[in-house]
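> after the sequence you'll find the predicted model.
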Number of protein chains: 2
Amino acid sequence: MGLAKTEMFTDEQNKIALFAKAFGHPARVSILQHLFKIDSCVCGDLVNEIGLAQPTISQHLKELKHLGLIKGNVEGTSVCYCIDKENWTAMKALMNQFLDQDVSLNNDCC
Amino acid sequence: MGLAKTEMFTDEQNKIALFAKAFGHPARVSILQHLFKIDSCVCGDLVNEIGLAQPTISQHLKELKHLGLIKGNVEGTSVCYCIDKENWTAMKALMNQFLDQDVSLNNDCC
DNA sequence: CTTATTAATCGTAATATTGCAATGTACTAA
DNA sequence: TTAGTACATTGCAATATTACGATTAATAAG
């Protein structure tokens, strides 16, 4: 089917899945890492940095923007993208809550 | 195409993407949360806990096992699944490295 | 206005994912 | 052996994702 049955899960679970899906492609991981590294806005450099075609990068950027993880500003003919820090921090908190479930207390049963 | 061009990305980026993809479905998030909550092994309870059919759960478990995030032991007619703590910790370190990129130093350019 | 540049959008092909019915396998119990 | 239980596998349909060529939209420069 390819259609996730989101209605049977909690909002939190669905939210975690949505963010995780955004990181589920190396191109988007790469884009985000680059935006962090540059520590300022990047425009079409991403197309050169990463080896994918311009429409492909544009599509990945659109997804990240839709999730609120990045912001984009038009600047002349080019567009300036950067991390949305506030939303990134909120996302990080949610992911850490999931990743940091208590591992130490488990008894080794398997 | 639906085919990620993994060869143009670093091993780290691809690894992050693979783990993230595993969390990119609420059912798998739910399965993992349940395994943590139970704090011991779980067998077929997952089918009842989550509202999906048995083959579907089995498939999600297979993916998580393939990634090394969970372990499964046969126990009589049932199978006992639990978190692979060592691999989970390693995965967590990798993800945190990605999530914890320095946000504070950025200048607000967008 | 014309042309160049940059990025978004459209359309489409190739591939991946999700979900489940049907079936298979392995073990247990009677 | 037979029947039952628990889980895995297979096969398939529906949908999603990825990638890119072609095109469009918007701005800038001449």
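Cool, the structure landed.

> and the nearest residue to A:Leu35 once chain neighbours are set aside, bridged to which residues?
The shortest distance from A:Leu35 to any non-neighbouring residue, by CB to CB, 6 or more residues apart in numbering or on different chains, is to A:Ile83 (5.3 Å). Where C-beta positions appear, they are placed from N, C-alpha and C, glycine not excepted. On the basis of DSSP bridges, A:Ile83 is bridged to A:Ile70.

> next one: the closest residue to DNA strand D within chain A, what pLDDT does it get?
Relative to DNA strand D, the nearest point of chain A is A:Gly2 (2.1 Å; CB to the nearest atom of the strand). Per-residue pLDDT puts A:Gly2 at 76.

> wait, is it part of a strand?
No - counting by DSSP: H, G, I helix; E, B strand; the rest coil, A:Gly2 is not part of a strand but coil.

> tell me the phi and psi of it?
Backbone torsions for A:Gly2, taken as degrees, to the nearest 10, come to phi 80, psi 10.

> which residues sit against the longest helix anywhere in chain A?
Looking across chain A with DSSP state H, the single longest helix is helix A:85-99. Contact with helix A:85-99 is made by A:12, A:15-16, A:19-20, A:67-69, B:23, B:29, B:32-33, B:91-92, B:95-96, B:99-100, B:103, B:106, B:108, as judged by CB atoms under 8 Å, 6 or more residues apart in numbering or on different chains.

> equivalent analysis for stretch A:53-62, please.
Stretch A:53-62 has contacts (CB under 8 Å, 6+ apart) with A:25, A:27-28, A:31, A:44, A:46-47, A:50, A:52, A:70, A:72, A:81.

> which of the residues you listed count as buried?
A:25, A:27-28, A:31, A:46, A:50, A:52, A:70, A:72, A:81 (16 or more other CB atoms under 10 Å in any protein chain shown).

> which ones among the residues you listed are found in helices?
Secondary structure from DSSP H places A:27-28, A:31, A:46 of those in helices.

> can you pick out the most distant pair from these?
Taking CB to CB, the two most distant members of those are A:Arg28 and A:Leu46; they sit 10.8 Å apart.

> which of the contacts of stretch A:53-62 sit farthest apart?
A:His25 and A:Gly44, at 19.6 Å, using CB to CB across the contacts of stretch A:53-62.

> just to revisit the earlier point, restricted to buried residues, select the contacts of helix A:85-99 in PyMOL.
Only the buried entries of the contacts of helix A:85-99 go into this PyMOL selection, using 16+ other CB under 10 Å:
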select buried, (chain A and resi 15+16+19+20+67+69) or (chain B and resi 23+29+32+33+91+92+95+99+106)
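
> thought A:Ile31 was touching A:Leu46, still the case?
Yes - using CB atoms under 8 Å, A:Leu46 makes contact with A:Ile31 at a distance of 5.9 Å.
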